[in-house]
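Engineer: Sharing a model prediction with you, sequence too.
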Amino acid sequence: MTLASITNLSAHYTAGDQRFHALDDVALDVRPGQVLGVVGESGCGKSTMASVLSLNPGPSLRVTSGTLAIGGRDVDLTDTASHRALRGGTVALLPQGALNALNPTRRVGAMAHDILAAGDRRITRAESLRRTAARLEALELPPRVLRAYPHQLSGGMRQRVVTALATLRNPRLLVADEPSSALDVSSQRLLVDLLRRLVADGLVEGIVFITHDVALLSELADRIAVMYAGRVVEEAPAKDLVAAPRHPYAQALLASVLVPEPGTRGHRVTGIPGAPPDLRAPIPGCPFAPRCAHALDRCADERPPRLVIGERDDSCWRSAEAEEAAHVR
Ligand SMILES: Nc1ncnc2c1ncn2[C@@H]1O[C@H](COP(=O)(O)OP(=O)(O)OP(=O)(O)O)[C@@H](O)[C@H]1O
């Protein structure tokens, strides 16, 4: 069963006469009650994915194909004019940097009223304050927060307020774009607990959590999708992916970080040799092929198929050929 299904998502940025192919035929499923983690190196397309999924792509980004199936309807991701009505209510964004996400000149209650009024123009101020107070209480924030300006709140409280505001209209899907990157370790832990609770309490039906931090995802996510050069190269239950990644890029990524899992502590941390590809030219084969120690001849110019086996999938010619050999035998 899926809560949200993204299919065939491709998008590019235009800068002068250059195109940067930031997303290339991405497919992802978010299951109800789950957190899907999306991880990859800088520049692999994570923020672009967050902006498209939260129905808020920037002006220089052109989505050329893609559908988001959510709540029994198919949203055409290329048709940005139709997205406004769904933003905040069906899909909401938990942005990077809690401080920047809040208007320093407005009280929390006033910001909350604007958000609720965007979904229901007839809502009274008394009703929006009542609903906001209930949500603040659910997130263990004191009532005084309603009347506070952002600078009057501690860092941890601000993060909670941003989370409360992002989920005020009970979106089905919350898209979190590196919300933890500027936080210290204990604030990160609080955020992880908070997001888990949002799902457990049904305040949101599912979360896509985008980050470069695999270790954090291993604690937070139910499933993890690994992105490389605008593609999802592997997706699997978090525990399986951390314990035994299949795609060579996922293996290299996991080998380059310390993940707090039994058995992985003390492993030597290795970097990934080489650099990610230039996204200006479309890549016919596997984008990781030039850096891959296991590359076959066909990897350079034939796009690997997405192989789904049970709860996992990956897009690698070695997996595809091993699967084919197993069936021939
Ligand atoms: N406005 C833009 N114009 C041109 N290219 C862009 C623009 N924004 C992003 N890109 C390119 O698109 C690709 C994907 O960028 P994106 O920001 O989505 O990656 P990311 O994985 O979120 O990286 P980071 O972790 O550094 O934020 C990168 O190669 C980047 O250089």
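Structural biologist: Right, received. Where do you want to start? Numbering: from 1, shown residues only.
Engineer: can you give me the helices in the stretch 51-200 of the chain?
Structural biologist: Counting by DSSP state H, counting those that start in this stretch, one finds helices in the stretch 51-200 of the chain at the ranges 108-119, 125-138, 155-166, 185-200.
Engineer: Please report the distance of the residue of the stretch 101-250 of the chain found nearest the ligand from Ala92.
Structural biologist: Nearest to the ligand in the stretch 101-250 of the chain, going by CB to the nearest ligand atom, is His212, at a distance of 5.5 Å. For glycine as for every other residue, the C-beta is placed from the backbone atoms N, C-alpha and C. Going from His212 to Ala92 by CB to CB, to the nearest Å gives 22 Å.
Engineer: So if I had to pick from the two, which one is more boxed in?
Structural biologist: The residue with more neighbours, out of His212 and Ala92, is Ala92; 26 against 17, by other CB atoms under 10 Å.
Engineer: Quick check: phi and psi on the closest residue to the more buried one other than its chain neighbours?
Structural biologist: Closest residue to Ala92 apart from its sequence neighbours, by CB to CB, 6 or more residues apart in numbering: Pro171 at 3.8 Å. Per-residue torsions, Pro171: phi -60, psi 150 (degrees, to the nearest 10).
Engineer: Could I get the pLDDT score of Pro171?
Structural biologist: We have a pLDDT of 95 for Pro171.
Engineer: and it, what does it touch?
Structural biologist: Neighbour list for Pro171: Gly88, Gly89, Thr90, Val91, Ala92, Val204 [criterion: CB atoms under 8 Å, 6 or more residues apart in numbering].
Engineer: rerun that using 10 Å as the cut-off
Structural biologist: Shown in contact with Pro171 (CB atoms under 10 Å, 6 or more residues apart in numbering): 54, 70, 86-94, 203-207.
Engineer: Could you dump the helices of the stretch 51-200 of the chain into TSV and include distance to the ligand and mean neighbour count?
Structural biologist: Listed next are those as TSV, based on distance: least, CB to the nearest ligand atom, whole Å; neighbours: other CB atoms under 10 Å:
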stretch	distance to the ligand	mean neighbour count
helix 108-119	25	18
helix 125-138	29	16
helix 155-166	19	22
helix 185-200	17	16
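Engineer: Relative to Pro273, which of these is closest?
Structural biologist: Minimum separation from Pro273 across the helices of the stretch 51-200 of the chain (CB to CB) falls at helix 185-200, 29.3 Å.
Engineer: Return the alpha-carbon coordinates of the very next helix or strand once past that closest one using CSV.
Structural biologist: As assigned by DSSP states H and E, the chain's next helix or strand after helix 185-200 is strand 206-211. The C-alpha coordinates for strand 206-211 follow below in CSV (Å, rounded to 0.1, in the frame of the first residue of the first chain):
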residue,chain,number,x,y,z
GLY,A,206,3.9,10.1,5.9
ILE,A,207,7.3,11.9,5.7
VAL,A,208,10.0,12.2,3.0
PHE,A,209,13.1,13.2,4.9
ILE,A,210,15.9,14.5,2.7
THR,A,211,19.5,14.6,4.0
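Engineer: Point out the other helices and strands that the next helix or strand after strand 206-211 packs with.
Structural biologist: Downstream of strand 206-211, the next assigned helix or strand under DSSP H and E is helix 214-220. Here helix 214-220 touches strand 35-39, helix 185-200, strand 206-211, strand 223-228, helix 238-243, helix 248-255, going by 3 or more CB pairs under 10 Å, 6 or more residues apart in numbering; DSSP states H and E.
Engineer: Swap in 7 Å and give it another go.
Structural biologist: strand 35-39, helix 185-200, strand 206-211, helix 238-243 (3 or more CB pairs under 7 Å, 6 or more residues apart in numbering; DSSP states H and E).
Engineer: now the ones you listed in CSV, with distance to Val161?
Structural biologist: As requested, those are exported to CSV (distance: least, CB to CB, whole Å):
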stretch, distance to Val161
strand 35-39, 21
helix 185-200, 11
strand 206-211, 18
helix 238-243, 28
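Engineer: got those as CSV, with distance to Thr2 and mean pLDDT columns?
Structural biologist: Shown next, in CSV, are the helices and strands packed on helix 214-220 (distance: least, CB to CB, whole Å; pLDDT from 0 to 100):
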stretch, distance to Thr2, mean pLDDT
strand 35-39, 10, 97
helix 185-200, 15, 88
strand 206-211, 9, 96
helix 238-243, 17, 96
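Engineer: Among these, which comes closest to Asp79?
Structural biologist: strand 206-211 (20.5 Å).
Engineer: Who does the closest one pair with, and is each partner parallel or antiparallel?
Structural biologist: According to DSSP bridges, strand 206-211 forms sheet pairs with strand 35-39 (parallel), strand 173-177 (parallel).
Engineer: ok, the residue most central in space within the chain - contacts?
Structural biologist: Nearest residue to the geometric centre of the chain (CA atoms, centre = their mean): Ile210, 3.2 Å. Applying CB atoms under 7 Å, 6 or more residues apart in numbering to Ile210 gives the contacts Val38, Lys46, Met49, Ala50, Ala176, Asp177, Glu178.
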